[in-house]
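Visitor: with the input below, show me the fold.
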Amino acid sequence: MFKLSVVTPEKTVLDMDVRSIVAPGSEGYLGVLSNHAPLITALTPGILSIVDGEGRESFYALSGGFLEVSGNIATVLADTIESADEIDVDRAEESLKRARERLLHKAELHLDTERVHDSIERAKNRLRLAKRKRS
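Guide: Take a look at the predicted model:
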């Protein structure tokens, strides 16, 4: 077991003892168990999975941020994070549709296409988690 804290700019979302986490690192998904070597990495939009002390697995849509592991403490500094129950599927689908439409008209709108692509990835990630919960 090790300590996990998940923090957003607004609040501490989780503060608990866990058996493991799997996080979407910048170089791919990575797993963390107790006594993991010290680590700092950027996180990309993806699914954060957590196995708690009882062996229950929970999943969260993570929009990006950073992960630090040191001394049996893992800290996720998340831009935003949502559990499957918190995701508004209609809103996520609308966000995806709006971002894709912006991409089609990027020249006339003078858009930052990287931001639009990031928005698409965040919406798709939220929808993947919401659909996983329904299965």
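
Visitor: what about Leu129, neighbour count?
Guide: The local packing of Leu129 (other Cβ atoms under 10 Å) involves 22 other residues. Where you see a C-beta, it was placed from the backbone N, CA and C, and this is true even at glycine.

Visitor: again with Leu33
Guide: Neighbour count for Leu33, taken as other Cβ under 10 Å: 15.

Visitor: pLDDT value on it, please?
Guide: With respect to pLDDT, Leu33 has a value of 97.

Visitor: the closest residue in space to it that isn't next to it in sequence bridge partners, please.
Guide: The shortest distance from Leu33 to any non-neighbouring residue, by Cβ to Cβ, 6 or more residues apart in numbering, is to Ser20 (5.2 Å). When bridges are assigned using DSSP bridges, the partners listed for Ser20 are Leu33, Val51.

Visitor: which residues touch Ser20?
Guide: Ser20 is in contact with Gly31, Val32, Leu33, Ile50, Val51, counting by Cβ atoms under 8 Å, 6 or more residues apart in numbering.

Visitor: next up, phi/psi of Thr44, please.
Guide: In this entry, Thr44 is assigned phi and psi values of phi -110, psi 170 (degrees, to the nearest 10).

Visitor: what ranges do the helices span in the chain?
Guide: With DSSP state H, the ranges of helices along the chain come out as 89-104, 106-109, 113-134.

Visitor: most packed of the ones you listed?
Guide: Mean neighbour counts were taken over the helices of the chain using mean count of other Cβ atoms under 10 Å, and the top value, a mean of 16, falls to helix 113-134.

Visitor: could you name the helices and strands sitting against that helix?
Guide: For helix 113-134, the packing partners by 3 or more Cβ pairs under 8 Å, 6 or more residues apart in numbering; DSSP states H and E come out as strand 46-52, strand 57-62, helix 89-104.
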